[in-house]
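> predicted model and sequence below, questions to follow.
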Amino acid sequence: MTLLEKDECVTEEGETFPCSPPSIFAEACNNEAYIEIWNEFMNRSGEEQEKVLLYLEQKVRRPREMVNKSKDKRTEHPAYSPEECYQRINRSLRCTLKRRQIPMGTLECLEEEMLQFFSVSPESVYIAMMENRY
């Protein structure tokens, strides 16, 4: 490998292709600073090595815990608030509901149908053909 350029490798047939980059382990073995740190770690007693490893694990765990603490604690998505859901209803139906011309029995029946529909498929769109009897 010493006779070849760093960027290219040659097969037995003489074909040239780019070499794969060195592994992280190979880079660590070639880096003087990493070797010095590794030797210092290996020269410590077993108890000291365990303390260092525990410290490093806690250092990695802290940012993860901070991410978990900053998670959204809301129980409901803001898009599913009653006001937002009402705004997604067809405009003409909203006007009809505002005029309060629909009998309560019809509204109760529609509510039951919608609850059944959305309990099965909550992400779907409910379309109902209402009879014009009121």
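Good, I have the coordinates.

> quick one: the strands in this protein, in order.
8-10, 16-18 (DSSP state E).

> low-confidence stretches in this protein?
Scanning the chain with the threshold set as pLDDT under 70 gives 1-19, 63-74, 79, 100, 130-134.

> switch the cut-off to 90
Along the chain, the parts satisfying pLDDT under 90 run over 1-35, 37-42, 44, 46, 52-53, 55-134.

> for it, which helix is longest?
Ordering each helix of the chain by length in residues (DSSP state H) puts helix 46-69 first.

> which residues touch it?
For helix 46-69, contacts defined as Cβ atoms under 8 Å, 6 or more residues apart in numbering pick out 41, 44. (C-beta placed from N, C-alpha, C; glycine too.)

> how far off centre is it?
23 Å (Cα atoms, centre = their mean, to the nearest Å).

> show me what contacts I37?
Contacts of I37 (Cβ under 8 Å, 6+ apart): none.

> now do 10 Å
Going by Cβ atoms under 10 Å, 6 or more residues apart in numbering, I37 touches 28, 31.

> what about it, distance to V52?
10 Å (Cβ to Cβ, to the nearest Å).

> domains in this protein, as residue ranges please.
8-69, 78-120 (automatic domain parsing).

> okay if I get those as JSON lines plus distance to Y126?
Shown next, in JSON lines, are these (distance: least, Cβ to Cβ, whole Å):
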{"stretch": "domain 8-69", "distance to Y126": "36"}
{"stretch": "domain 78-120", "distance to Y126": "5"}
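
> give the burial count for S45, as a bare number.
By other Cβ atoms under 10 Å, 8 other residues sit near S45.
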